[in-house]
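# quick one: sequence plus predicted model below, questions after.
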Amino acid sequence: MDYISTRGAAPTLDFRSATLAGLANDGGLYVPARWPHMSLDEIRALAGLDYVETAVRVMTPFVAGALCEDELRELCRAAYGRFSHDAVTPLVQLDHRHWLLELFHGPTLAFKDVALQLLGQLFEKFLSGGGTDLTIVGATSGDTGSAAIEAVAGREHIRIFMLHPEGRVSDVQRRQMTTVLAPNVHNIAIDGSFDDAQAMVKRLFGDAEARNALTLSAVNSINWARLMAQVVYYFYAAVRLGGPDRPVAFSVPTGNFGDVFAGYVAAQMGLPVARLVVATNVNDILHRALASGDYSAGSVTATATPSMDIQVSSNFERLLFDLAGRDGGAITAMMREFDTNRAMTIPADMRAGAAGLFTSARIDGDTMAMTLRWAKENGGQVIDPHSAVGLAAARELEIEDDVPIVTLATAHPAKFPDAVERATGVRPPLPARLGNLFDREERYERLTGDYDAVKAHILAEVARG
Ligand SMILES: Cc1ncc(COP(=O)(O)O)c(C=O)c1O
Ligand SMILES: N[C@@H](CCOP(=O)(O)O)C(=O)O
């Protein structure tokens, strides 16, 4: 499979090179040159397969030319063997039409593990010949950070620098990152928001001095391999609910537009998806963009769903690329306008193109809290606040009665005990494997939101060896 940039001016790469590169050198994001297709019979044949086999069937076309099926299977076994539930991503029924797809049974208790456990394996495989030392630089609003660190801590030929917005992640999230003391792990807290951290990461990829000094790679969902792994659970869930002979709707709590874009990819591959609901918190740029074309980023509001406190959603560019007929020049012009003004209008024809599959909803804090209570009282489930945003949007969805609606449960409630307790009166305990998290030593740098300071710190740490 070839990978092309959404901005049309970067070299075409194979899967291995696109994974190691992370971001394209024209500032764009890599996408497959074409969407692979699965026939209805091929999708039917997924029924009864376990998660690893489903993953192999769904991902094989994306890795063609870089990995054979057996190599992919071996990496998937290693990645998903670390999950605490046999089904890896089990479905839980809430009522006659609402289901939760639990994506938080990996080592760091968020959906990020599904992709990052595999990405860690891919990095190891692709770097095993030696000769390249990767410097991963990532930004996190709380969950990507720990999942990425867990996936690469202690690995040879990799060093990771993870930027998080100081004071804007939960204590559990921060400690899951900062208590990993492996020498190849570097946590940096910056003044500012996740958007500021993400902008710094992208700037570093375009910085000639940094690019000359470092072989950079990405663990955020700007890296195509992240999204590829997330496509799998849409197939896995749909087939369990009668797909492909029964369309299924998905509601996805959304920040960087990665998880819901993976659902879009599943639909492009042939999975009958009735609707994809883009559920935002009050940082609602994606809801406004889809509902009215207003793609303008205000400042980020801190909420009880900190992982979704994002206004500049990287992966929206991937959707725009398809909606613009895969015209890299048009996307370059649009993204330039957005970078200059922090605002642009999504043209009506592009919105109409999205409307066939996507709907959106903005869920405020009160509705989120009410939904946490509803899930506890009706489905007997204590869920996390991000999942509650998704569930609230799912419950607003007007759709035919016989279509099951699956809400992606993106994090374990124990990552956000204060918000869950405030809404439900229940304080979810940390699972045993994280039990001593609050007794462990923390280590991280605090830096201002100044790009040059962050860059200098990273270069100095790498030079120290
Ligand atoms: C718990 C949780 N839910 C939802 C999201 C949103 O996912 P995405 O950024 O892929 O839209 C994130 C992070 O972004 C998250 O950490
Ligand atoms: N919520 C995310 C934000 C980064 O998203 P990513 O999927 O692009 O890595 C986080 O937890 O860090």
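Happy to help now that I have it. Ligands and ions are numbered 1, 2, ... in the order given.
# now the residue of the stretch 301-450 of the chain found nearest ligand 2: how far from residue 253?
Of all residues in the stretch 301-450 of the chain, residue 307 sits closest to ligand 2, at 3.8 Å by C-beta to the nearest ligand atom. Backbone N, C-alpha and C define where each C-beta goes, glycine included. Note on residue 307: its distance to residue 253, by C-beta to C-beta, to the nearest Å, is 8 Å.
# residue 372 too?
13 Å.
# so between those two, which is more surrounded?
For residue 372 versus residue 253, neighbours defined as other C-beta atoms under 10 Å are more numerous around residue 253 (32 against 29).
# confidence score at the more buried one?
Model confidence at residue 253, given as pLDDT, is 98.
# does any part of stretch 371-385 sit near ligand 1?
No - Stretch 371-385 lies out of reach of ligand 1 by C-beta under 6 Å from any ligand atom, never closer than 6.6 Å.
# about what we covered before: the residue of the stretch 301-450 of the chain closest to ligand 2 in helix, strand or coil?
What DSSP: H, G, I helix; E, B strand; the rest coil gives for residue 307 is helix.
# quick one, grab the pLDDT at it.
The model's pLDDT for residue 307 equals 94.
# residue boundaries of the strands in the stretch 351-465 of the chain?
Along the stretch 351-465 of the chain, counting by DSSP state E, counting those that start in this stretch, strands occupy 358-362, 405-409, 445-447.
# nearest approach to residue 194 belongs to which of the ones you listed?
Judged by C-beta to C-beta, the one of those that comes nearest to residue 194 is strand 445-447, at 15.1 Å.
# strands paired with that closest one, and their directions?
strand 185-190 (parallel) (DSSP bridges).
# following element in sequence after the strand it pairs with, please.
helix 194-205 (DSSP states H and E).
# re earlier: any idea how far residue 72 is from the residue of the stretch 301-450 of the chain closest to ligand 2?
Here the distance between residue 307 and residue 72 works out to 29 Å (C-beta to C-beta).
# which parts of the stretch 201-350 of the chain sit against ligand 1?
Within the stretch 201-350 of the chain, the positions near ligand 1 by C-beta under 6 Å from any ligand atom are 221, 253-260, 307-308.
# so which of those sit within helices?
258-260 (DSSP state H).
# also near ligand 2: which of those residues, exactly?
Contacts with ligand 2 within these, counted by C-beta under 6 Å from any ligand atom: residue 258.
# of the ones in helices among the residues of the stretch 201-350 of the chain next to ligand 1, which is the nearest to residue 318?
Using C-beta to C-beta, those come closest to residue 318 at residue 258, 8.9 Å.
# for burial, what's the neighbour tally of the closest one?
Other residues close to residue 258 by other C-beta under 10 Å number 25.
# do I have it right that it meets residue 224?
No - Residue 258 is beyond contact range of residue 224, at 10.3 Å (criterion: C-beta atoms under 8 Å).
# quick check: the gap between the most far-flung residue of the chain relative to its centre and residue 157.
The centre of the chain is farthest from one residue, residue 464, which by C-alpha atoms, centre = their mean lies 31.6 Å away. Residue 464 sits at a distance of 17 Å from residue 157 (criterion: C-beta to C-beta).
# do the same with residue 361
Counting by C-beta to C-beta, the gap from residue 361 to residue 157 is 43 Å.
# check residue 176 too.
For residue 176, the distance to residue 157 - C-beta to C-beta - is 24 Å.
# swap in residue 109?
As judged by C-beta to C-beta, residue 109 and residue 157 stand 27 Å apart.
# out of these two, which sits in the more crowded spot?
residue 109 (27 against 18).
# give me the pLDDT for the more buried one.
97.
# look up phi and psi at the closest residue to residue 324 other than its chain neighbours.
Leaving aside its sequence neighbours, residue 324 sits nearest to residue 330 (C-beta to C-beta, 6 or more residues apart in numbering; 4.6 Å). Note on residue 330: its backbone torsions stand at phi -60, psi -40 [degrees, to the nearest 10].
# same check, this time on residue 5
According to degrees, to the nearest 10, residue 5 has phi -90, psi 150.
# ok, it touching residue 32?
No - counting by C-beta under 8 Å, residue 5 sits too far from residue 32 to count as a contact (11.7 Å).
# who has more neighbours, the two?
Taking neighbours as other C-beta under 10 Å, residue 5 and residue 32 compare with residue 5 leading, 25 against 19.
# residues contacting that one?
Counting by C-beta atoms under 8 Å, 6 or more residues apart in numbering, residue 5 touches 24, 26, 28-31, 328.
# how about a cut-off of 10 Å?
11-13, 18, 21, 23-31, 321, 328, 331-332 (C-beta atoms under 10 Å, 6 or more residues apart in numbering).
# can you say which of those residues are buried?
The neighbour count (16 or more other C-beta atoms under 10 Å) marks 13, 18, 21, 23-24, 27-31, 321, 328, 331-332 as buried among the contacts of residue 5.
# re earlier: joint contacts of residue 307 and residue 253?
Counting by C-beta under 10 Å, 6+ apart, the common neighbours of residue 307 and residue 253 are 111, 281, 384-386, 410-411.
# pull up the gap between residue 117 and ligand 2, please.
14 Å (C-beta to the nearest ligand atom, to the nearest Å).
# residue 273 touches residue 231, doesn't it?
No - using C-beta atoms under 10 Å, residue 273 is not in contact with residue 231; the gap is 11.4 Å.
# comparing the two, which shows the higher neighbour count?
Using other C-beta under 10 Å, the more surrounded residue of residue 273 and residue 231 is residue 231, with 24 against 20.
# for the more buried one, which three-state class applies?
helix.
# with residue 160 instead?
strand.
# can you tell me the closest non-neighbouring residue to it?
residue 136 is the one closest to residue 160 (C-beta to C-beta, 6+ apart), at 4.4 Å.
# go on, residue 189?
Once flanking residues are discounted, residue 189 sits nearest to residue 166: 3.9 Å by C-beta to C-beta, 6+ apart.
# what's the answer for residue 2, then?
residue 33 (4.1 Å).
# likewise residue 51?
residue 88 (3.8 Å).
# do residue 350 as well
Residue 350 sits nearest to residue 323 (C-beta to C-beta, 6+ apart), 4.1 Å away.
# overlap in contacts, residue 273 and residue 231.
Shared contacts of residue 273 and residue 231, defined by C-beta under 10 Å, 6+ apart, comprise 263-264, 266-267.
# mind giving me a markdown table with the residues you listed and columns for distance to residue 216, pLDDT and secondary structure?
Formatted as a markdown table, the shared contacts of residue 273 and residue 231 follow (distance: C-beta to C-beta, whole Å; pLDDT from 0 to 100; DSSP: H, G, I helix; E, B strand; the rest coil):
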| residue | distance to residue 216 | pLDDT | secondary structure |
| --- | --- | --- | --- |
| 263 | 28 | 98 | helix |
| 264 | 27 | 98 | helix |
| 266 | 29 | 98 | helix |
| 267 | 32 | 98 | helix |
